[in-house]
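# Predicted structure and sequence below. I'll ask about it afterward.
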Amino acid sequence: MAAPTYQRADLGELDGAAAEALRTLLFRLADDELVLGERYIEWQVHAPTLESDLAISNIAQDEFGHARLWYDLLEDFGDDEPALIWERDPGSFRHATLVELPTRQGDWGDTIVRGYLYDVAEQLRLEAVAESSYAPLRERVGKVQSEERYHREHAQNWLERLTDDEPGRARVQAALDRLFPYALTLFAPVDEATEAAIEEHGFRTASLADLREQFLDVVVPYLESLGLDVPEPDEVERPEAVGRDGQHTEHWDALFEDMTHTYRELGRTSTTKLMEDPE
Amino acid sequence: MIWEVFRQEEAGGYHTHCGNVHAPDAEMAKLFAQIQHGRRKPTHSIWVVPQASVHEVDDEDTAFGGTTDKAYRWAMTYDTDASFAQEIADSEEEQAAAERQRGRR
């Protein structure tokens, strides 16, 4: 039997657990994109060359654009943008800790490795919501996917370049060793019951375990082909904070402070919207 | 390494030079050119060409079009009625303007 399709107008009819599951799924998507974009823009005017600076800044803009699409869907549950981002309790953010980690100072390879790991996971996750039972979500997937293709090309092109000689390869390896355990937090559950409800209602058509397996099937052979050692996934130590469940690293509060600094300094209570509907 | 970038707005149009990018190879030049030159204007296609592969001849090297009267090249020397062919009228104006420009140098 085909899963039912839900429209915006049906939100009021979803039971509490189902609505919360959908909201949680959207927060997973939106928060990841926003926070990763925030880390990318730290490279602005510091990237290795003018061209790479523009490329990474453009990728950050893409991620913010995607975040906006998902936060916009969250507004249908009754919250406005200040409540969803600027005045939100930082402890309620659901992004994976992979995206909040500070970039190792001056280490371009660190950003590229994180971008690669994230972009592959993002691709798989988008495929898993392309057939979502929630129509407004699946209808927005296509335009995000077309931008994500550039992100993967960009990351892979750099990875191949950086691993081309031994000193570069060693630095990429160090970044991989540091970031890989955190990349696996992308597939951590918010909590088991919520994730079960996400699947049960068809909001996402693949389980987190499936996504994790697909992810490893892509990244492990690719990274090994570059002469890198990929940590054994089942043996890596799980980071203390995975993010999805609201537990974050000590870096998140500082990043959130930075990110919302201007909003608070200017005494804002609302945000400017250039387009009423980000579609 | 510098790559010259040529942008085509629509299929079938000319690729027009629009600037350059620094990149170590063609693959990266294409990635950078997309962002730098294809992001804010309508773009159908971009070419990247190593700067060293662009060869130039300029008006110090040669007298473009020659220096003597060659008005017989003009479309207007043919017996056509420009009123039914706008392209011919346009072309005549362009050529007349070009000739005046040449005369001023």
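Received it, and whenever you're ready, just let me know what you need. Residues are numbered from 1 along each chain as shown, chains lettered A, B, ... in the order given.
# what sits against the residue in chain B positioned nearest to chain A?
For chain B and chain A, the shortest gap (C-beta to the nearest C-beta) falls at B:Phe32, measuring 4.0 Å. To be clear about C-beta, it is placed using only N, CA and C from the backbone, and glycine gets the same treatment. The neighbours of B:Phe32, taking C-beta atoms under 8 Å, 6 or more residues apart in numbering or on different chains as the test, are A:Glu51, A:Ser52, A:Leu54, A:Ala55, B:Val21, B:His22, B:Ala23.
# Just the ones of these in strands?
Judged by DSSP state E, the subset of the contacts of B:Phe32 located in strands is B:Val21, B:His22.
# Mind checking which of the contacts of B:Phe32 are buried?
Buried members of these, scored by 16 or more other C-beta atoms under 10 Å in any protein chain shown, are A:Glu51, A:Ser52, A:Leu54, A:Ala55, B:Val21, B:Ala23.
# so who does A:Glu51 touch?
For A:Glu51, the contacting residues are B:Val21, B:His22, B:Ala23, B:Phe32, B:Ile35, B:Gln36, by C-beta under 8 Å, 6+ apart.
# Kindly apply the preceding question to A:Val45 instead.
A:Asp53.
# Kindly state the pLDDT recorded for it?
For A:Val45, the model assigns a pLDDT of 90.
# So what does it have for phi and psi?
When quoted as degrees, to the nearest 10, the phi and psi of A:Val45 stand at phi 60, psi 0.
# Can you give me the domain assignment for chain B?
In terms of domains, chain B is parsed into B:2-53, B:71-104 (source: automatic domain parsing).
# Tell me how far A:Leu211 lies from B:Met1.
Noted for A:Leu211: a distance of 40 Å to B:Met1, by C-beta to C-beta, to the nearest Å.
# bridging residues for the residue minimising distance to the centre of chain B?
Nearest to the mean C-alpha position of chain B, by C-alpha atoms, centre = their mean, lies B:Thr16 at 6.4 Å. Counting by DSSP bridges, B:Thr16 forms beta bridges with B:Arg7.
# Roughly how far does it sit from A:Tyr182?
Distance, B:Thr16 to A:Tyr182, using C-beta to C-beta: 45 Å.
# Please, where are all the strands along chain B?
B:2-8, B:16-22, B:45-50.
# List the buried residues for the shortest one?
Of the residues in strand B:45-50, those buried under the neighbour-count criterion (16+ other C-beta under 10 Å) are B:Ile46, B:Val48, B:Val49.
# Output that strand as PDB - backbone C-alpha positions only.
C-alpha atoms of strand B:45-50 as PDB (Å, rounded to 0.1, in the frame of the first residue of the first chain):
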ATOM      1  CA  SER B  45      28.100  27.500 -21.200                       C
ATOM      2  CA  ILE B  46      31.600  28.600 -20.200                       C
ATOM      3  CA  TRP B  47      34.900  28.000 -21.800                       C
ATOM      4  CA  VAL B  48      38.200  28.200 -20.000                       C
ATOM      5  CA  VAL B  49      41.400  28.600 -22.100                       C
ATOM      6  CA  PRO B  50      45.000  28.800 -20.800                       C
END
